[in-house]
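Novice: Predicted model follows, preceded by the sequence.
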Amino acid sequence: MTYEDIVALLGYAGGHEQLVRITTTSQTEVVGVPLSVDTHVTAHEVYLRPAGDDETEIAVSLAAIQAVELV
């Protein structure tokens, strides 16, 4: 999956409050709703609210994402 495809799908899912499954380059899977995608060079992360946990927010480096799919 290209960087542009990853950013576009994360942006779409976040704008529609849809769950995504992120697969990282280390084969770790994270499922959550994207809250924001920061493509600025100083951040370069997506912030997610994990499925079933409204009080937690996690950050995943965009460089570490291999694939994204809607759940």
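Specialist: Looks like it came in fine.
Novice: okay, CA-based contacts and neighbour counts for the rest of this
Specialist: OK.
Novice: Going along the chain, name the helices of the protein.
Specialist: Ranges of helices within the chain are 3-15, based on DSSP state H.
Novice: Give me the residue at the spatial middle of it.
Specialist: Nearest to the mean C-alpha position of the chain, counting by CA atoms, centre = their mean, stands V46 at 4.9 Å.
Novice: beta partners for that one?
Specialist: Beta-bridge pairing for V46 (DSSP bridges): V37, V60.
Novice: Let me see the contact set for it.
Specialist: V46 sits next to 10, 34-38, 59-62 when contact means CA atoms under 8 Å, 6 or more residues apart in numbering.
Novice: If we use 7 Å, what do you get?
Specialist: When contacts are counted by CA atoms under 7 Å, 6 or more residues apart in numbering, V46 is found next to 34, 36-38, 59-62.
Novice: Quick one: buried ones out of those?
Specialist: Buried positions within those, assessed by neighbour count (16 or more other CA atoms under 10 Å), are 34, 36-37, 59-60, 62.
Novice: Output those in CSV; the columns should cover pLDDT.
Specialist: Written out in CSV, the entries for those read as follows (pLDDT from 0 to 100):
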residue, pLDDT
P34, 97
S36, 95
V37, 96
A59, 96
V60, 96
L62, 97
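Novice: Relative to R21, which of those residues is nearest.
Specialist: Nearest to R21 out of the buried ones among the contacts of V46 is P34 (CA to CA; 10.2 Å).
Novice: and that closest one, what does it touch?
Specialist: 10, 13-14, 46-49.
Novice: Can you tell me which of those residues lies closest to E29?
Specialist: Nearest to E29 out of the contacts of P34 is L48 (CA to CA; 12.5 Å).
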